[in-house]
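Trainee: The sequence and its predicted three-dimensional model are supplied below.
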Amino acid sequence: MLNSNPTSFTPLPKAIEKALQAWLEKEPKDATYLLGYSGGGDSKALLYALLALRPDISLIVLHINHRWRPSSDEEEISIKKEIHNLNLVCHTEKIPTEPTSNLEEHARHARYCFFQKMQKRYQTRGVLLAHHKQDLAETILKRWFEGSSLNRLFGMQESSMWEDVPIFRPLLQVEKSVLTQFVESRGLSYVDDETNQDPRFLRARLRNALFPLLETHFGKSIGSNLVCLANDAQEFSQDLEIRYRAFQEKIYEGPFGVCLYQLDQESRAAQRFFLQEEARKQQISLRRSWIDTLLSWLDEKKSGASLPFQESAFYVYRGSVFFLKKTTFFPPEMQPVIGEKTAIKLKRQEQEKNGVSNQAAWLKPFMGKADYFVPKEKTLFFPITPFLLFSSDQDLSFLQHLEKSKSQVHVLQKMWAKEHIPLFLRRHLLLLISADGAVHHPLQKSDFQENSCTVSIDLHQFYGYFQKSLPRISPFLL
């Protein structure tokens with residue numbers, strides 16, 4: 001028989017009371033929560049322990065019927081009656097079983113989508129789930145066998161997010177046996193899901209075959225040891241997160257891509273973590289072996305090694321790692337007259353006496369800002385890159401002093417190589433060629449002259465375009 005007055009129970013087990021009290025103390029007292037409820041022993045323990053500890057807590061109970069068992073529909077009806085007797089709101093959802101290679105993951109995703117729908121409807125504090133210490137240990141072991149990195153080995157958290165849905169697991173440090181004993185001692189009937197014993201499911205195989213085998217050989221504390229490992233991994237991950245936030249000042253982004261500047265000065269663990277985070281931001285699945293390759297290039301102080309992907313590439317150069325967009329780096333066609341309504345805006349200003357002259361002057365154009373020191377008098381300038389200048393496919397007959405310009409660029413590229421300018425910039429940096437063949441580039445050092453000025457160009461307007469053919473190069477009037 002179901003006791004419809006949970007507040008009349010004898011005191012809660014200390015482990016459950018301690019865990020829930022610690023969690024409730026951090027939460028607002030007037031908050032409303034969604035509670036995932038299967039009717040099994042774990043979720044039943046969470047529901048009735050919360051009601052015993054705080055009878056006035058505001059809960060909305062959610063039940064998902066996966067229809068995995070013949071009794072699933074009957075269980076749904078029974079749960080609705082049970083929750084109604086507790087004077088709580090209950091919502092249920094029938095989720096059809098679909099053929100899939102990973103039924104467990106499909107069911108999990110369907111559950112969380114239902115939680116998300118209810119969260120949008122009620123705008124609660126979040127969803128309460130009854131995961132416990134054994135669930136955590138199983139997750140850690142599964143991730144370990146799947147090759148998870150140490151900083152990702154900590155598994156579920158007491159508080160986390162699933163997309164935009166807050167998730168709370170206040171019983172995560174409580175043993176499953178304590179939850180089962182609590183429910184049985186109160187005479188509460190619960191659903192015994194036979195799929196938990198079904199060897200088709202990985203969780204069932206972990207729980208019923210692998211864990212007993214490990215405990216036979218290593219002792220009953222194997223689960224607790226795995227949780228301790230997860231706690232250590234979480235602390236390690238938090239330390240890497242702090243270091244990653246501090247490293248943001250060395251991450252530069254521009255039209256070419258992203259630069260992790262002087263990554264070789266970080267520890268090996270930090271290098272790996274930073275690369276994983278940047279790959280995630282760029283939506284790239286970066287295999288461990290690929291990260292190992294990039295790290296070995298850093299150790300070997302490679303200059304110009306690249307790891308190509310479909311639409312991008314990782315590029316290592318003198319201790320820095322670049323995530324480069326795989327574009328042609330061709331500037332779009334420019335109109336002869338530059339004005340307020342054109343795509344590219346040129347700012348003409350008096351040249352300052354103190355120009356850029358630091359060892360990483362290439363970072364400025366990499367981030368999209370290029371300054372050119374040019375004569376004050378009006379003249380036509382042709383925007384072009386070294387790659388285009390030496391391309392056999394490009395008609396450059398409009399440049400009357402082409403050989404003079406090429407000769408200057410040859411000299412520049414030798415100088416840039418000595419100054420350790422990354423190779424892709426040496427090839428694709430935007431140049432301005434004047435009518436007399438003089439070449440102006442954004443890496444030249446300031447040499448203040450009364451008859452010169454600075455022209456600033458936003459390179460974001462030039463790069464980042466996927467083009468099937470070379471653009472027609474048009475001059476503009478300064």
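Mentor: Thanks, I have it. Numbers count the residues shown, from 1 in each chain.
Trainee: in the helix or strand where residue 295 lies, what counts as buried?
Mentor: Element membership of residue 295 [criterion: DSSP states H and E] is helix 288-299. Neighbour counts over helix 288-299 (16 or more other C-beta atoms under 10 Å) mark 290, 291, 294, 295, 297, 298 as buried. Glycine gets a C-beta too; all of them are placed from N, C-alpha and C.
Trainee: pLDDT on whichever helix in the chain runs longest, on average?
Mentor: In the chain, with assignment by DSSP state H, the single longest helix is helix 222-247. Mean pLDDT, helix 222-247: 91.
Trainee: tell me which residues of that helix are tucked away?
Mentor: 222-223, 226-227, 229-230, 233-234, 236-237, 240, 244, 247.
Trainee: Next: stretch 124-143.
Mentor: Buried-residue list, stretch 124-143, by 16+ other C-beta under 10 Å: 124-141, 143.
Trainee: Restricting to C-alpha, output stretch 302-310 in CSV.
Mentor: Backbone C-alpha positions of stretch 302-310 (Å, rounded to 0.1, in the frame of the first residue of the first chain) are rendered in CSV as follows:
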residue,chain,number,x,y,z
LYS,A,302,57.9,23.1,-36.5
SER,A,303,57.4,26.1,-38.8
GLY,A,304,54.7,25.6,-41.4
ALA,A,305,53.3,22.1,-40.6
SER,A,306,49.6,21.9,-41.3
LEU,A,307,46.8,19.5,-40.5
PRO,A,308,44.0,19.9,-43.2
PHE,A,309,40.3,19.4,-42.7
GLN,A,310,37.4,19.8,-45.2
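Trainee: that older thread, identify the farthest-apart pair in the buried residues of helix 288-299.
Mentor: 290 and 298 (13.1 Å; C-beta to C-beta).
Trainee: Assign the residue most central in space within the chain to helix, strand or coil.
Mentor: Centroid-nearest residue in the chain: residue 280, 4.1 Å away (criterion: C-alpha atoms, centre = their mean). Assigned by DSSP: H, G, I helix; E, B strand; the rest coil, the conformation of residue 280 is helix.
Trainee: For residue 293, see how far away it is.
Mentor: For residue 280, the distance to residue 293 equals 18 Å [C-beta to C-beta, to the nearest Å].
Trainee: Ok, residue 64 next?
Mentor: Residue 64 is 43 Å from residue 293, by C-beta to C-beta.
Trainee: Which parts of the stretch 101-250 of the chain are helices?
Mentor: 103-122, 133-145, 176-185, 202-205, 211-218, 222-247 (DSSP state H, counting those that start in this stretch).
Trainee: how many degrees apart are the longest one and helix 176-185 in direction?
Mentor: What that stands for is helix 222-247. Calculated by axes from the mean of the first three to the mean of the last three C-alpha atoms, to 10 degrees, helix 222-247 forms an angle of 120 degrees with helix 176-185.
Trainee: Which strands or helices does helix 222-247 pack on?
Mentor: helix 133-145, helix 211-218, helix 268-281 (3 or more C-beta pairs under 8 Å, 6 or more residues apart in numbering; DSSP states H and E).
Trainee: Which of these sits closest to residue 152?
Mentor: Nearest of the helices and strands packed on helix 222-247 (C-beta to C-beta): helix 133-145, 6.8 Å.
Trainee: Could you check how many residues crowd around the closest residue in space to residue 230 that isn't next to it in sequence?
Mentor: With sequence-adjacent residues excluded and distances taken as C-beta to C-beta, 6 or more residues apart in numbering, residue 230 is closest to residue 154, at 4.4 Å. Residues near residue 154, counting by other C-beta atoms under 10 Å, number 23.
Trainee: Torsion angles phi and psi at residue 154?
Mentor: Backbone geometry at residue 154, expressed as degrees, to the nearest 10, gives phi -80, psi -10.
Trainee: quick one: contacts for it?
Mentor: By C-beta atoms under 8 Å, 6 or more residues apart in numbering, the contact set of residue 154 is 140, 230, 231, 233, 234, 237.
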